[in-house]
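Q: Provided below are the primary sequence and the corresponding predicted coordinates.
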Amino acid sequence: MSFDLPDLPYAHDALAERGMSKETLEYHHDLHHKAYADNGAKLASGTEWEGKPLDEIVRGTYQDGAVAQSGLFNNASQMWNHNQFWEMMSPSGVAMPSELERRLTDAFGSVDEFKSQFSAAGAGQFGSGWAWLVADGGGTLKITKTENGVNPLCFGQTALLGCDVWEHSYYIDFRNKRPAYLTNFLDRLVNWENVASRLPPA
Ligand SMILES: [Fe+2]
């Protein structure tokens, strides 16, 4: 079901040596992600959205230009974001596939430049939100940032990589040093094979 909380794809302590502690994953997955699941299920219950696929709920409840999004959107989008986020990291240091390296170099000039622009987007997001590598409708790779739970589905884009820059994602391990968290995420945590598997055809 759309709001069933998925297990982490690795143990809670599996990322600890790479800079994301067991305590962070216990809070982030078992409490925060679970709250989005529980609240989303409650808010969808008895509405036209009950039983609908999660991505359909996110697209259908997003309100372009609204000052504040609805509770159902916020919880459904954060549910979707976190489902992707765990899959986008790996405990084992995954090398970047050559096709992804080529596409990033074509789009941004180099992999280092991509990382630099992605980090700047995450560090520059005022308040809670996400940094993204997306493919737009034409397959062009872009870096974006979004506030709160808003995600690439809202804009018809494909999410290739997302980094959670809510404080709950980094405060235990990095305190207020969001840029250091972003650097560690890109250099030590990303599962580049998962990112490559999301690439649309060039
Ligand atoms: Fe989060």
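A: Perfect, I can see it now. Residues are numbered from 1 along each chain as shown.

Q: what's around the residue of the chain found nearest the ion, how many residues?
A: Nearest to the ion, among the residues of the chain, is Asp164, at 4.1 Å (C-beta to the ion). In this view, the C-beta of every residue, glycine as well, is placed from N, C-alpha and C. For Asp164, the number of neighbouring residues by other C-beta atoms under 10 Å comes to 23.

Q: OK, contacts around it?
A: Residues near Asp164 by C-beta atoms under 8 Å, 6 or more residues apart in numbering: His28, Asn81, His82, Phe85, Trp130.

Q: Can you tell me, leaving aside adjacent residues, what's nearest to Met89?
A: Nearest-residue entry for Met89: Leu189, 4.5 Å, with adjacent residues in sequence omitted and distances by C-beta to C-beta, 6 or more residues apart in numbering.

Q: so the one you found sits right up against Arg18, yeah?
A: Yes. Leu189 is in contact with Arg18 according to C-beta atoms under 8 Å; the separation is 5.5 Å.

Q: ok, these two, which is more surrounded?
A: Leu189 (19 against 16).

Q: And the pLDDT for the more buried one?
A: Note for Leu189: predicted pLDDT of 98.

Q: and if you look at Gly149?
A: 98.

Q: Can the one helix or strand Pro179 maps to be said to contact the ion?
A: Assigning secondary structure by DSSP states H and E places Pro179 in helix 178-184. No. Under the criterion of C-beta under 5 Å from the ion, the ion is not reached by helix 178-184; the shortest gap measures 12.1 Å.

Q: Which elements pack onto that helix?
A: On a contact count with 3 or more C-beta pairs under 8 Å, 6 or more residues apart in numbering; DSSP states H and E, helix 178-184 meets helix 111-124, helix 171-174.

Q: Let me see the mean pLDDT of it.
A: On average, helix 178-184 scores 98.

Q: Same check on stretch 23-39?
A: Stretch 23-39 comes out at a mean pLDDT of 98.

Q: And it, what's buried?
A: Buried residues in stretch 23-39, counted by 16 or more other C-beta atoms under 10 Å: Thr24, Leu25, Tyr27, His28, His29, His32, His33, Tyr36, Ala37, Asn39.

Q: check contacts around the fifth one.
A: Read that as His29. By C-beta under 8 Å, 6+ apart, the residues touching His29 are Leu8, His12, His82, Trp86.

Q: Just send the residues you listed back as TSV, with distance to the ion, neighbour count and secondary structure too.
A: TSV is the format used below for the contacts of His29 (distance: C-beta to the ion, whole Å; neighbours: other C-beta atoms under 10 Å; DSSP: H, G, I helix; E, B strand; the rest coil):
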residue	distance to the ion	neighbour count	secondary structure
Leu8	13	17	coil
His12	15	17	coil
His82	6	23	helix
Trp86	10	19	helix
